[in-house]
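Asker: Here's a sequence, model it:
(chains A and B)
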Number of protein chains: 2
Amino acid sequence: MNPSIHPDLHAISFLLGTWVGTGSGIYPTIDDFSYDETATYTHVGKPFIAYGQKTRRSDSGEPLHSEAGYFRPSGVSAVELLIAQPSGISELHVGEVSGSTIDLTATSVVTTPTAKEVVSVRRLLMVEGDSMRYQLFMGAVGQPHQLHLSATLKKVKPV
Amino acid sequence: MNPSIHPDLHAISFLLGTWVGTGSGIYPTIDDFSYDETATYTHVGKPFIAYGQKTRRSDSGEPLHSEAGYFRPSGVSAVELLIAQPSGISELHVGEVSGSTIDLTATSVVTTPTAKEVVSVRRLLMVEGDSMRYQLFMGAVGQPHQLHLSATLKKVKPV
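Answerer: Numbering: from 1, shown residues only, chains lettered A, B, ... in the order given. Purely as a prediction, here's the structure:
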């Protein structure tokens, strides 16, 4: 039995499903890299979307990044996002929903004692039907805020 | 293919698996409640354990709580924990591993603008073979730090 989508999720229900695709990463302190990604956006009938993501290095298949968190609508076109990362970084975002674009800026980036320093993150999600593009901008390890990740995913499974 | 467990995980590898059981919640501001829980602790061969948990109300089966995060060993008997919750709360913990007990205290509790106030959290995990007990202590919504959750889970699936 699939629960009904909570009415508060309607503005961001375009996220729901399983998404697969590829992305690329750049940053002044590291070599460029390409990755394969699987992302899931699921719901249980409550007013939040659970988000999980895993990437693998495109060349070797080696597990690269993963993260998990929750989208919380907080108004007609506002959304909150919480993300935990195994790299020791937690992000809290507040964002705006405009059509099927979500523009999120971290209001708080908290790191564990052994994590790298991250001071700013912006996450931009743009969905058109079954296609999602996202960009992640980051200021970290002494570098200015700049583009770090770009990816294009296809919805391979609906809600 | 299951990857080998990363050597850094050996001190906390007793967590790995799927755990199912029941718990109870108390707090001065709410009615007591009982819940059924499923928790998963998984790895991909890297030096962290991905953690996810879902609970349902024991009487009605209604989805209750969920959370997701990562355990990061940070020394011989030290571990970091990051948790995101759909209630708008992110916890960062630093903890001590003693045998198969992990005692974690939040060094940071960050909440989104629309979340309830939580100021302190301690999580105590005690594993004996295929049995896990945990307690969660919390100071929130103006109440002093105190026991909030107790549960006993059984490992139903190994790594």
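
Asker: Near chain B, which residues of chain A? Just list them.
Answerer: A:3, A:44-46, A:48, A:50, A:52, A:54, A:63, A:66, A:68-70, A:72, A:74, A:80, A:82-86, A:88-90, A:92, A:94, A:107-108, A:110-114 (Cβ under 8 Å from any Cβ of the partner chain). Heads up, the C-betas are built off the backbone N, CA and C, glycines and all.

Asker: at 7 Å instead, please
Answerer: In this structure, chain A approaches chain B at residues A:44-46, A:48, A:50, A:63, A:66, A:68-70, A:72, A:74, A:80, A:82-86, A:88, A:90, A:92, A:94, A:108, A:110, A:112-114, judged by Cβ under 7 Å from any Cβ of the partner chain.

Asker: tally of neighbours for A:L136?
Answerer: Close neighbours of A:L136, defined as other Cβ atoms under 10 Å in any protein chain shown, add up to 17.

Asker: The helix or strand harbouring it - contacts with which helices or strands?
Answerer: Assigning secondary structure by DSSP states H and E places A:L136 in strand A:131-140. The contact analysis (3 or more Cβ pairs under 7 Å, 6 or more residues apart in numbering or on different chains; DSSP states H and E) places strand A:131-140 against strand A:118-128, strand A:146-157.

Asker: Just the CA trace of it, in CSV.
Answerer: Only the C-alpha atoms of strand A:131-140 are listed here, as CSV (Å, rounded to 0.1, in the frame of the first residue of the first chain):
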residue,chain,number,x,y,z
SER,A,131,15.1,15.0,-16.3
MET,A,132,16.9,16.6,-13.3
ARG,A,133,20.0,18.8,-13.5
TYR,A,134,21.7,20.0,-10.3
GLN,A,135,24.6,22.1,-9.4
LEU,A,136,26.4,22.4,-6.1
PHE,A,137,28.5,25.4,-5.3
MET,A,138,30.8,25.3,-2.3
GLY,A,139,33.3,27.4,-0.4
ALA,A,140,35.7,25.0,1.4
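
Asker: So what are the sheet partners of it and their directions?
Answerer: For strand A:131-140, sheet partners with direction are given as strand A:118-128 (antiparallel), strand A:146-157 (antiparallel), following DSSP bridges.

Asker: any idea how far that strand is from the chain center?
Answerer: Computed by Cα atoms, centre = their mean, to the nearest Å, the chain-centroid distance of strand A:131-140 equals 8 Å.

Asker: again, but for stretch A:48-62
Answerer: Shown here is stretch A:48-62, whose average C-alpha point lies 10 Å from the average C-alpha point of the whole chain (Cα atoms, centre = their mean).
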